[in-house]
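[1] Based on what follows, work out the 3D shape:
(one chain, ligands or ions: 1)
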Amino acid sequence: MGKYVVPPLPYSYDALEPHIDAKTMEIHYTKHHQAYADGLNAALQSINALTHKNYIIGILSDLTTIPENVRSSINFHGGGFENHRLFWESMKPNGGGEPGGRLADEIKIYFGSFKEFKEKFSTGTAAIQGSGWGWLVYNQTFSRIEFRTTENQTSPYTQRAIPLLGLDVWEHAYYLKYQNRRPDYIEAWWNVVNWTEVEERFLRVAT
Ligand SMILES: [Fe+2]
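    Okay, here's the model as predicted:
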């Protein structure tokens, strides 16, 4: 691996309006995501590992492969880099609705219905204290989907879970438009979820 580079945003800054405003998207993508990439590169450089043989997902999945003194920094910046990469891909203009296929079946099995899943995800993510993420993950140990939350930029990969859908509830993700109304931001975000992408992600990892 060489230096980590923030991948291109798959749509324009204003593409997710009115649910996510253009200014927030621009700052979030050009400043915050970039800062995680820079922090990750700096942490890897400090241990002469900018050419680490594993991609960041592999490193996060087993933080013992890197020296202890940079684990917390890699967890934060590496998690931030990968979480945001996945976040942009998980949204699209005119998204929303419900997933189909096998993922829809799994949601019914483990949450009762899509409505119950959405409620659990929204309520659980709104209740995160401080900064963090709400996730739909695939738990590899038990071969099932689950709702989880993580603090700050911790990636589900560090918990042996594969992220399928993630929602950033750091204030930088919504404060310009929604101020303290995190539940309103979450409700609006469902309208831009790219379920096609999430379904494909699920099919790639589900056994
Ligand atoms: Fe963010």
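[2] Pull the contacting residues for whichever residue of the chain sits closest to the ion.
    The nearest approach of the chain to the ion comes at Asp168, 4.2 Å away (Cβ to the ion). To be clear about C-beta, it is placed using only N, CA and C from the backbone, and glycine gets the same treatment. Neighbour list for Asp168: 28, 83-84, 87, 133 [criterion: Cβ atoms under 8 Å, 6 or more residues apart in numbering].
[3] what's the answer for Thr65, then?
    54, 58-59.
[4] Now do the same for it: its pLDDT.
    pLDDT, Thr65: 90.
[5] Backbone dihedrals for it, please?
    When read as degrees, to the nearest 10, the backbone of Thr65 gives phi -80, psi -10.
[6] Just give the number of residues close to the residue nearest to Pro183 when sequence neighbours are not counted.
    Excluding the flanking residues, the one nearest Pro183 by Cβ to Cβ, 6 or more residues apart in numbering is Ala126, at 4.8 Å. A count of nearby residues for Ala126, using other Cβ atoms under 10 Å, gives 17.
[7] OK, contacts around Ala126?
    Ala126 neighbours (Cβ under 8 Å, 6+ apart): 169, 182-183, 186.
[8] got it, and Trp133?
    83, 125, 149-150, 153-154, 166-169.
[9] at 7 Å what do you get?
    83, 149-150, 166-169 (Cβ atoms under 7 Å, 6 or more residues apart in numbering).
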